[in-house]
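> Below: sequence and its predicted model.
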Amino acid sequence: GDHLCKVKQLPPHCLNVFVPLVTITRENGGTEMIPGSHIQGQYDIDNPSVTILATAGDAILFDFRLKHRGLANHSKHPRPLMYMTYCVSNFKDTMNFSNRRYMTLPSLPALPSRTARFATRDSGNESSDPESASSQQVEELIVDYDSEEEREKEANSVKQKRASTLDAVRAARIAHRE
């Protein structure tokens with residue numbers, strides 16, 4: 001993304017947050033980043049890229065100005081993620097999100113109700129139409145735990161990963177200040 005000031009490096013005005021809804025691997029394509037490219041005048045820096053791989057539910061935070069891109073998904077499965085951008089109140093990203101970009105989007109098709117999806121699944125008559133495929137994909141993302149212990153173990157793992165992500169962000173801020 002763009003810098004707000006062309007003369008000096010300012011603190012981040014925008015922060016991107018990615019939360020993968022499935023585990024990100026080399027096969028389904030991570031996010032490639034160029035360390036240091038967020039620094040004023042360094043966008044085309046010749047640093048080696050880093051590919052970020054993550055477990056479902058991890059939060060990946062980085063400066064909006066950092067050069068990044070999603071890599072190709074070579075798997076047979078979708079790679080859904082939540083993408084959030086937090087920015088100062090006076091910033092508007094007209095480069096990536098202009099009004100023109102969304103004017104021609106068609107309306108979304110109606111999805112079958114939850115009751116209809118369960119009835120189709122329970123009857124074993126799942127068809128290959130796109131609406132059924134969409135509900136099947138959504139249901140593949142639902143995790144069933146065999147025990148409360150498994151659920152708690154997964155929750156603790158997610159908490160540990162969040163803590164290490166925050167530690168990495170803090171370390172990056174300290175290194176950036178120095």
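Thanks, I have it.
> Run through who's touching the host helix or strand of L61.
Following DSSP states H and E, one finds L61 within strand 60-63. The contact list for strand 60-63 (C-beta atoms under 8 Å, 6 or more residues apart in numbering) reads 12, 14-20, 31, 33, 38, 52, 54, 68, 165, 169. From N, CA and C alone the C-beta is placed, and that goes for glycine too.
> at 6 Å instead, please
Residues outside strand 60-63 that contact it (C-beta atoms under 6 Å, 6 or more residues apart in numbering) are P12, N16, V17, F18, H38, I52, A54, V169.
> After that strand, which helix or strand is next?
Downstream of strand 60-63, the first helix or strand assigned by DSSP H and E is strand 68-70.
> Run through the strands of this protein in chain order.
14-20, 31-33, 50-52, 60-63, 68-70, 81-87 (DSSP state E).
> what's the most buried one of those strands?
Highest mean neighbour count of these: strand 60-63, a mean of 20 (counted as mean count of other C-beta atoms under 10 Å).
> For S157, which non-adjacent residue is closest in space?
Excluding the flanking residues, the one nearest S157 by C-beta to C-beta, 6 or more residues apart in numbering is T55, at 7.7 Å.
> In this structure the one you found contacts T23, no?
Yes. Between T55 and T23 there is a contact at 5.1 Å, judged by C-beta atoms under 6 Å.
> Who are the contact partners of the closest residue to Q42 other than its chain neighbours?
Of all residues not flanking Q42 in the chain, G36 sits nearest, at 5.4 Å (C-beta to C-beta, 6+ apart). Shown in contact with G36 (C-beta under 6 Å, 6+ apart): Q42, I45, N47.
> wait, which of those is closest to R173?
Proximity of the contacts of G36 to R173 was ranked by C-beta to C-beta; the top entry is Q42 with 17.0 Å.
> what number of residues lie near the closest one?
For Q42, the count of nearby residues is 16 (other C-beta atoms under 10 Å).
> Can you give me the pLDDT of the residue lying farthest from the centre of the chain?
Centroid-distance maximum for the chain: S123 at 34.7 Å, with C-alpha atoms, centre = their mean. Predicted confidence (pLDDT) for S123: 70.
> just S127 next, same as before
pLDDT, S127: 51.
> returning to that earlier point: how about the strands of the chain in JSON lines, adding distance to E152?
Shown next, in JSON lines, are those (distance: least, C-beta to C-beta, whole Å):
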{"stretch": "strand 14-20", "distance to E152": "21"}
{"stretch": "strand 31-33", "distance to E152": "29"}
{"stretch": "strand 50-52", "distance to E152": "27"}
{"stretch": "strand 60-63", "distance to E152": "24"}
{"stretch": "strand 68-70", "distance to E152": "32"}
{"stretch": "strand 81-87", "distance to E152": "23"}
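> show me the contacts for V158.
When contacts are counted by C-beta under 6 Å, 6+ apart, V158 touches G57.
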